[in-house]
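Enquirer: give the three-dimensional model of this entry:
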Amino acid sequence: MPQKPPPRKPPPVTTQKSASRLRSIKSPVKVKSSYQLREPGGEESDPWLKGKSLLKPDDQLDLSEKELQEEITRSLVVKNPLIHSDWVEYSYKDRAFISCEPQPNFITVQELESKVIHVESPEAADQLHETPQVAPVAKSEDFKNEIEEEPIKEDEEADEEKDEEDDDKFNEKREADSEMQSNGASEGQKKKLTNQFNFSDRAALTSVYPTREIGTQTIPPPRNTLNEYVTQWIIYDTYQQDYEAQQREKEKERVSKMTSQVKKEEPRKKSSKGGMDPTMVRLLQAAKIIERMVNQNLYDEISQVNFEMKATEGYVCLFTLKNPSFPEYINYCDSGAMCLDIHSSRSNFIVVGRYDGSVAVYNAHLPIKEAQFESNSVTNKHGGIVWQVCWGPDLIDGDLNFFSVSADGKVCSWIVMQNELSQTLVIHLLLNIDPIAGPNGNQMNLVGCGTAISFHPENPEIFLVGTEEGNIYKCSTAYASLYLFTYEAHHMPVYRIEYNKYSPDIFISCGADWRVKIWEDGRDEPLFVFDLGCSVGDVKWAPYSSTVFAAVTEDCRIHVFDLNVNKYRGICVQNVVAKNRFKLSRLAFNWYLPVIIIGDDKGFITTVKLSPNLRVKAKPPKKNIQMDQRILEQLKLEKLLALVREPTASSNVIDAEQSETSK
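Expert: Down below sits the predicted model:
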């Protein structure tokens with residue numbers, strides 16, 4: 001095979017077609033600029049004489065005619081040029097580099113190993129030597145010698161004799177084989193090897209069942225199918241049952257130990273008591289009593305402080321949005337301030353309800369820090385905590401008037417006179433149940449504890465009162481012993497009641513049973529019910545929309561609802577303060593700014609701003625663009641309530657809406 005010529009610098013060109021192509025561009029081509037002037041009658045003036053200019057790289061090699069016609073032979077060799085022949089590896093034993101065996105020039109794609117061994121190989125000889133139980137097979141050379149010894153008869157007439165001889169030889173061969181097998185059995189049988197040119201190797205994967213004795217076989221354990229629901233409360237109940245079982249076991253062990261100790265100490269006690277003088281026993285008892293009396297006089301009782309003690313002091317503070325870090329007005333109270341209300345027209349007058357049942361009126365314009373008017377701390381006061389106070393309409397003579405509701409079940413009207421506060425009982429919140437027997441045998445009526453009060457926006461004589469029993473009573477200042485209507489509103493105390501600012505027949509309530517309910521005057525069932533998942537401290541209608549209200553819960557969240565957008569869930573739920581440390585108790589909307597003020601049980605006040613999507617106002621129709629905003633809000637609310645009212649009532653609402661739009 002010819003040797004491979006050394007590589008050349010120019011690229012390899014082997015075909016005649018490529019050579020002729022290069023020959024056409026051998027001579028340099030002159031390219032004339034199109035801006036050069038041409039002489040008339042010259043060679044360059046004829047466009048058909050121009051040659052095409054071919055682009056070529058700058059480093060293109062120009063070959064001669066002889067070099068282009070030269071044929072370069074390429075040959076294939078077995079040697080792989082990528083394999084290195086001078087590989088070495090470091091030997092830690094010799095502490096030197098040693099050369100490695102050169103790698104082969106072929107690649108093994110697949111390799112299958114067989115269990116067949118050549119009969120003349122040393123492995124076969126070792127195997128025959130190790131397993132001499134099988135008789136050896138006659139070698140192929142002996143078989144060939146037997147075949148060569150057979151005479152070749154070319155005569156056709158001797159066929160019968162040949163057949164007879166073949167039969168005799170076959171019989172002799174079979175006898176010889178039987179003798180060899182008998183001799184091999186006596187000497188030791190050798191393993192029979194397979195023919196190296198004609199054999200078949202088969203394998204099968206079958207399951208092997210190991211044998212076992214009867215003694216090792218055991219009866220399988222009984223099986224049973226169990227199914228059970230896994231929920232959070234089931235897991236909790238299971239842990240509680242397990243804990244109670246452990247406590248019972250511990251109690252049994254403790255009782256058993258105590259009984260065993262008592263049994264062991266009984267003879268000792270009998271012997272000690274038998275030897276003590278009775279006079280000494282009485283003396284020891286008297287000494288114990290005197291010691292306890294001395295300790296009670298020297299040290300305070302552990303349980304002397306309880307939650308029934310009243311708050312000793314309170315403060316009334318007025319803040320502004322310009323300076324939220326420090327109050328503009330601070331006033332001290334002898335008891336804890338529970339609620340307050342600012343007069344709508346005379347903003348300097350503030351009425352405060354206290355923890356001890358008294359009420360006080362403060363004048364923020366006065367420089368003194370004492371209450372201008374205060375109820376008597378003995379007779380002229382409530383018998384329980386004042387939960388809410390609210391200003392009423394001024395009297396005809398110009399005197400201020402406010403109302404208060406307390407835990408003693410009384411709703412009182414207070415008139416601010418020149419020098420004192422005049423109290424008048426409006427109604428006593430008696431429960432609608434039979435009287436019970438008192439301590440002296442007299443019949444006593446049970447009284448409900450008032451928690452919230454709200455007056456009708458159009459009729460100042462009508463007001464609603466919420467109680468700790470969950471009822472809401474519709475009352476009138478003209479009737480002191482009669483309920484106009486009773487709503488079984490909540491299952492736990494009612495915390496807030498408020499009328500809608502656009503529809504006087506709609507009011508909202510919240511309570512400790514996690515629910516906020518929207519009611520219509522005169523209906524037993526609520527129109528809407530919202531479950532907030534936690535005790536609701538306060539709820540307020542928004543002043544800018546008839547369908548927006550907000551509520552605060554004890555888990556430090558504020559919920560903003562818009563019934564016109566979603567009648568089932570709040571459009572905004574947000575955490576205001578840290579959870580598990582505070583409890584939100586009050587909230588209030590600002591009438592002029594999109595701001596909500598939130599108070600908690602620790603005395604902190606948080607101000608949050610409403611986003612634009614939470615204070616969207618109703619848009620007037622195209623036919624009546626000049627419609628008042630208040631009328632639009634009323635129509636929006638009535639249209640929404642028509643979906644949950646009875647069909648007769650809804651038809652009347654739709655008719656009223658159509659007549660209002662036509663106007």
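
Enquirer: can you verify residue 544 is assigned to a helix?
Expert: No - read with DSSP: H, G, I helix; E, B strand; the rest coil, residue 544 is coil and lies in no helix.

Enquirer: ok, it - contacts?
Expert: 594, 615, 617 (Cβ atoms under 8 Å, 6 or more residues apart in numbering). C-betas here are computed from N, CA, C, even on glycine.

Enquirer: turn the residues you listed into a markdown table, columns for distance to residue 317, secondary structure and neighbour count.
Expert: Shown next, in a markdown table, are the contacts of residue 544 (distance: Cβ to Cβ, whole Å; DSSP: H, G, I helix; E, B strand; the rest coil; neighbours: other Cβ atoms under 10 Å):
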| residue | distance to residue 317 | secondary structure | neighbour count |
| --- | --- | --- | --- |
| 594 | 24 | coil | 15 |
| 615 | 28 | coil | 16 |
| 617 | 33 | coil | 12 |
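
Enquirer: what is the nearest of these to residue 295?
Expert: Closest approach to residue 295 among those (Cβ to Cβ): residue 594, at 62.9 Å.

Enquirer: find the nearest non-adjacent residue to the closest one, please.
Expert: In space, and not counting its chain neighbours, residue 594 is closest to residue 610: 4.2 Å by Cβ to Cβ, 6 or more residues apart in numbering.

Enquirer: and what of residue 400?
Expert: residue 416 (3.9 Å).

Enquirer: which pLDDT value belongs to the one you found?
Expert: pLDDT, residue 416: 90.

Enquirer: who does it bridge with?
Expert: Taking DSSP bridges, one obtains residue 400, residue 421 as the residues bridged to residue 416.

Enquirer: quick one: contacts for it?
Expert: 349, 361, 373, 399-402.

Enquirer: now the helices: where do they sit in this structure?
Expert: Applying DSSP state H to the chain gives helices spanning 16-24, 65-69, 122-130, 140-149, 159-187, 232-275, 278-298, 629-641, 647-662.

Enquirer: buried residues in the third one, which are they?
Expert: The reference is to helix 122-130. 124, 128 (16 or more other Cβ atoms under 10 Å).

Enquirer: and that helix, average pLDDT?
Expert: Helix 122-130 comes out at a mean pLDDT of 82.

Enquirer: the fifth one now?
Expert: Rounded to a whole number, the mean pLDDT of helix 159-187 is 58.

Enquirer: ok, the fourth one next?
Expert: When the per-residue pLDDT values of helix 140-149 are averaged, the result is 48.

Enquirer: can you tell me how far the closest residue to residue 359 other than its chain neighbours is from residue 555?
Expert: Taking Cβ to Cβ, 6+ apart, and ignoring the residues beside it in sequence, residue 359 has residue 375 as its nearest neighbour in space, at 5.0 Å. Plainly put, residue 375 is 36 Å away from residue 555 if you go by Cβ to Cβ, to the nearest Å.

Enquirer: follow-up on the earlier one: switch the contacts of residue 416 over to CSV; also include neighbour count.
Expert: Shown next, in CSV, are these (neighbours: other Cβ atoms under 10 Å):
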residue, neighbour count
349, 20
361, 20
373, 19
399, 12
400, 20
401, 16
402, 21
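
Enquirer: out of the residues you listed, who's nearest residue 579?
Expert: Proximity of the contacts of residue 416 to residue 579 (Cβ to Cβ) peaks at residue 402, which lies at 36.2 Å.

Enquirer: how confident was the prediction at residue 284?
Expert: On pLDDT, residue 284 comes in at 90.

Enquirer: no no, residue 217
Expert: Model confidence at residue 217, given as pLDDT, is 65.

Enquirer: and if you look at residue 72?
Expert: pLDDT, residue 72: 86.

Enquirer: wait, residue 313 touches residue 354, no?
Expert: No - contact criterion Cβ atoms under 8 Å: residue 313 and residue 354 do not qualify, at 10.5 Å.

Enquirer: shared neighbours, the two?
Expert: Taking Cβ under 8 Å, 6+ apart as the contact rule, residue 313 and residue 354 both touch 333-336.

Enquirer: show me where the stretch 401-550 of the chain has strands.
Expert: Taking DSSP state E, counting those that start in this stretch, the strands of the stretch 401-550 of the chain run over residues 410-416, 421-428, 436-437, 443-444, 450-455, 462-467, 471-476, 485-488, 494-499, 506-511, 515-520, 528-531, 536-541, 548-553.

Enquirer: out of the ones you listed, which is closest to residue 325?
Expert: Nearest of the strands of the stretch 401-550 of the chain to residue 325, taken as Cβ to Cβ: strand 548-553 at 22.9 Å.

Enquirer: sheet partners, orientation included, of the closest one?
Expert: Using DSSP bridges, the strands paired with strand 548-553 in its sheet are strand 536-541 (antiparallel), strand 557-562 (antiparallel).

Enquirer: show the average pLDDT along the first one.
Expert: Averaging pLDDT along strand 536-541 yields 93.

Enquirer: ok, now the last one?
Expert: Averaging pLDDT along strand 557-562 yields 93.

Enquirer: looking at residue 375 and residue 555, which has the bigger crowd around it?
Expert: Under the neighbour definition other Cβ atoms under 10 Å, residue 375 and residue 555 were set side by side, and residue 375 has more, 24 against 15.

Enquirer: for the more buried one, what are its contacts?
Expert: Residue 375 makes contacts with 358-360, 381, 414, 421, 423, as judged by Cβ under 8 Å, 6+ apart.

Enquirer: measure it to residue 343 for me?
Expert: Taking Cβ to Cβ as the measure, residue 375 falls 18 Å from residue 343.

Enquirer: same list (the strands paired with strand 548-553) but as CSV, adding distance to residue 515 and mean neighbour count.
Expert: Compiled in CSV, these are given as follows (distance: least, Cβ to Cβ, whole Å; neighbours: other Cβ atoms under 10 Å):
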stretch, distance to residue 515, mean neighbour count
strand 536-541, 7, 23
strand 557-562, 12, 22
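
Enquirer: just put the ones you listed in a markdown table and tack on distance to residue 289.
Expert: Compiled in a markdown table, the strands paired with strand 548-553 are given as follows (distance: least, Cβ to Cβ, whole Å):
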| stretch | distance to residue 289 |
| --- | --- |
| strand 536-541 | 51 |
| strand 557-562 | 57 |
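
Enquirer: domain ranges for this structure, per the record?
Expert: Domain ranges of the chain: 1-36+51-76, 368-620, 621-663, per automatic domain parsing.

Enquirer: so for residue 101, which of those domains sits nearest?
Expert: Comparing the domains of the chain under Cβ to Cβ, the one sitting nearest is domain 1-36+51-76, at 24.9 Å.

Enquirer: burial of the nearest residue to residue 84 once chain neighbours are set aside, as a residue count?
Expert: Once flanking residues are discounted, residue 84 sits nearest to residue 103: 7.9 Å by Cβ to Cβ, 6+ apart. Using other Cβ under 10 Å, residue 103 has 12 other residues around it.

Enquirer: okay, and the beta partners of the closest residue to residue 86 other than its chain neighbours?
Expert: In space, residue 86 comes closest to residue 99 once its chain neighbours are excluded; the distance is 7.4 Å by Cβ to Cβ, 6+ apart. Here residue 99 shows beta-bridge partners residue 88, assigned using DSSP bridges.

Enquirer: could you do residue 595 as well?
Expert: Applying DSSP bridges, one finds that residue 595 bridges with residue 609.

Enquirer: isn't it up against residue 610?
Expert: Yes - when contacts are counted by Cβ under 8 Å, residue 595 is listed as touching residue 610 (7.2 Å).

Enquirer: returning to that earlier point: which one of the shared contacts of residue 313 and residue 354 is nearest residue 367?
Expert: Nearest to residue 367 among these is residue 333, at 17.8 Å by Cβ to Cβ.
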